[in-house]
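Chemist: please work out how this folds:
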Amino acid sequence: MLSQHDLKLQAAEAALSLIEPMLTAEAVIGVGTGSTADLFIDGLARFRGRFRGAVASSERSAKRLSDLGITVLDLNQVESMPVYVDGADEINASLHMIKGGGGALTREKIVASVAQKFVCIADESKLVQILGKFPLPIEVLPIARQAVARVALSLGGMPKLREGFVTDNGNQILDVSGLSITDALTLEKQLNSVPGVVTNGLFAIRPADVALLATQHGIRRL
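Modeler: Predicted structure coming up:
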């Protein structure tokens, strides 16, 4: 029986096999945030020197990359990337995701938008029929916290401030539980239009292109 760590490692290694042909002297790899992304970063160090560098979606990932001798680039220095690799808190069969459990949703969304291909790595427990069992993170400007919370309540959610947490952008996060998200694309657009919302953790406007899901019997690819 593979442990949770073993499954995450299996997904990370599958992503490394997938992206290895993309590694060139000019290639920049987009890297996400979280425990599965950490394992991908550790494996990516094997290939350092074969690609230009990486763009990280968080200060945490940037430090891990740098500590392993991988050049970390500012996204403003990069015009395009062949691939962005990151985990998910939930993903459905349409490759729509909820992300942001680690609080890096805004930078993750920005870096992913520049990549030609978005590869999601996760274990099969993250695959769901309907998104929303995992609380949906919304990054908000502090002044708008209560106003955004009222909107979330009106949509049937139960918003809760992530206590003692500040994003890399200096903002706060509301985690909204109790949602059953059948139209992720519409809800993502609706929440992003609320004044004071920086972004929300739905990735449906820019979904994953490929999901590599680790199972007890090997990798399942969507």
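
Chemist: use CA for all of it now, contacts and neighbours both
Modeler: Will do.

Chemist: give me the spatial nearest neighbour of Arg206, chain neighbours excluded.
Modeler: Nearest non-adjacent residue to Arg206, counting by CA to CA, 6 or more residues apart in numbering: Ser113, 6.9 Å away.

Chemist: flag every buried residue along the strand or helix carrying the one you found.
Modeler: Using DSSP states H and E, Ser113 maps to helix 105-114. Judged by neighbour count using 16 or more other CA atoms under 10 Å, the buried positions of helix 105-114 are Leu105, Thr106, Arg107, Glu108, Lys109, Val111, Ala112, Ser113, Val114.

Chemist: where along the protein do the strands fall?
Modeler: With strands called from DSSP state E, the chain shows them at 28-31, 53-56, 83-86, 90-91, 97-98, 118-123, 136-140, 158-161, 172-177, 197-200, 202-203, 210-215, 218-221.

Chemist: out of those strands, flag the one nearest Asp67.
Modeler: strand 53-56 (12.7 Å; CA to CA).

Chemist: export the closest one as CSV, just CAs?
Modeler: Only the C-alpha atoms of strand 53-56 are listed here, as CSV (Å, rounded to 0.1, in the frame of the first residue of the first chain):
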residue,chain,number,x,y,z
GLY,A,53,15.7,28.6,-15.0
ALA,A,54,12.3,28.6,-13.3
VAL,A,55,9.6,30.9,-12.3
ALA,A,56,8.0,30.2,-8.9
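
Chemist: what separates that strand from the chain centre, distance-wise?
Modeler: The chain centre lies 15 Å from the centre of strand 53-56; the measure is CA atoms, centre = their mean, to the nearest Å.

Chemist: next, format the strands of the chain as CSV and append mean neighbour count, distance to Ala14 and mean pLDDT.
Modeler: Shown next, in CSV, are the strands of the chain (neighbours: other CA atoms under 10 Å; distance: least, CA to CA, whole Å; pLDDT from 0 to 100):
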stretch, mean neighbour count, distance to Ala14, mean pLDDT
strand 28-31, 27, 15, 98
strand 53-56, 24, 18, 98
strand 83-86, 26, 11, 98
strand 90-91, 28, 18, 98
strand 97-98, 28, 19, 98
strand 118-123, 26, 8, 97
strand 136-140, 28, 27, 98
strand 158-161, 18, 35, 98
strand 172-177, 24, 31, 98
strand 197-200, 22, 28, 98
strand 202-203, 26, 22, 98
strand 210-215, 23, 7, 98
strand 218-221, 14, 7, 97
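
Chemist: nearest to Leu65, out of those?
Modeler: Taking the strands of the chain one by one with CA to CA, strand 53-56 is closest: 7.8 Å.

Chemist: elements contacting that closest one?
Modeler: strand 28-31, helix 59-67 (3 or more CA pairs under 8 Å, 6 or more residues apart in numbering; DSSP states H and E).

Chemist: taking helix 105-114 as reference, get the angle to the longest one.
Modeler: Relative orientation of helix 59-67 and helix 105-114, computed by axes from the mean of the first three to the mean of the last three CA atoms, to 10 degrees: 60 degrees.
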